[in-house]
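Student: any chance you could fold what I've pasted below:
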Amino acid sequence: MVYESARPRTRPRRGLRGALVVAALTLFVCCVGAAGLAAWNFQAVRQATGPAKRAAGTFLDKVTAGDHTGAYDRLCAATRKQWSLPRFALRIETPPTISRYTIEDVKIASKGGRRSATVTVALTRTSGAVDNHQVPVVDGDDGWQVCGDPF
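Tutor: This next block holds a predicted model:
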């Protein structure tokens, strides 16, 4: 005697399994692509922060060493128009002078294809006072230069 079930036979759900595999692979490819894009953006920002940081550091090295002309040469043309070399030198020599500095942060921006940065520094004065200052730098024809209020 053969007994038959009242329930009809169903086929295995191969279509659902295939769809889940395709969805998982698509998600994996998207994640790998997003990670690659994030790494590329990180490298681009890192490559820009290095020169901006060096420009501010070189400028402040000259300032702390008392090299007025060397520091003045690190200013962009627009800032040099605002400061004559004698006035700039007098400002560097006005007590309390900067004895050392520490670069705290670098923020890069781009506007109209022109890159600029704000370098946050902690300036230690000869009096012992420490004040935070933002040194504006721009990427111009002559490389990265301090452009704006340097003190």
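Student: what's the following helix or strand after the host helix or strand of Asp61?
Tutor: According to DSSP states H and E, Asp61 maps onto helix 14-65. Past helix 14-65, further along toward the C-terminus, the next helix or strand under DSSP H and E is helix 68-73.
Student: I'd like the average pLDDT over that following helix.
Tutor: If you average the pLDDT over helix 68-73, you get 96.
Student: list the contacts of it.
Tutor: Residues outside helix 68-73 that contact it (Cβ atoms under 8 Å, 6 or more residues apart in numbering): Phe59, Lys62, Val63, Arg80, Trp83, Leu85, Phe88, Ala89, Ile92, Pro150. All C-beta spots, glycine's among them, are computed from the backbone N, C-alpha and C.
Student: tell me the mean pLDDT for the top strand by length along the chain?
Tutor: Identified as the longest strand of the chain according to DSSP state E is strand 98-111. On average, the pLDDT along strand 98-111 is 94.
Student: packing partners of whatever helix or strand comes next after it?
Tutor: Using DSSP H and E, the helix or strand that follows strand 98-111 in sequence is strand 114-125. Using 3 or more Cβ pairs under 8 Å, 6 or more residues apart in numbering; DSSP states H and E as the contact test, the elements touching strand 114-125 are helix 14-65, strand 98-111, strand 130-140.
Student: mean pLDDT for the ones you listed: which is lowest?
Tutor: Looking at these, the bottom one is helix 14-65 with a mean of 75.
Student: go through the helices and strands packed on strand 114-125 and pick out the most buried.
Tutor: Ranked by mean neighbour count, these are led by strand 130-140 with a mean of 17 (mean count of other Cβ atoms under 10 Å).
Student: how far does that one sit from the chain's center?
Tutor: 13 Å (Cα atoms, centre = their mean, to the nearest Å).
Student: now do the longest strand of the chain: which elements does it pack against?
Tutor: With contacts defined as 3+ Cβ pairs under 8 Å, 6+ apart, the packing partners of strand 98-111 are helix 14-65, strand 114-125.
Student: do that again at 10 Å, thanks
Tutor: On a contact count with 3 or more Cβ pairs under 10 Å, 6 or more residues apart in numbering; DSSP states H and E, strand 98-111 meets helix 14-65, strand 114-125, strand 130-140.
Student: save the helices and strands packed on strand 114-125 as CSV, and put in distance to Arg74 too.
Tutor: Shown next, in CSV, are the helices and strands packed on strand 114-125 (distance: least, Cβ to Cβ, whole Å):
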stretch, distance to Arg74
helix 14-65, 4
strand 98-111, 14
strand 130-140, 9
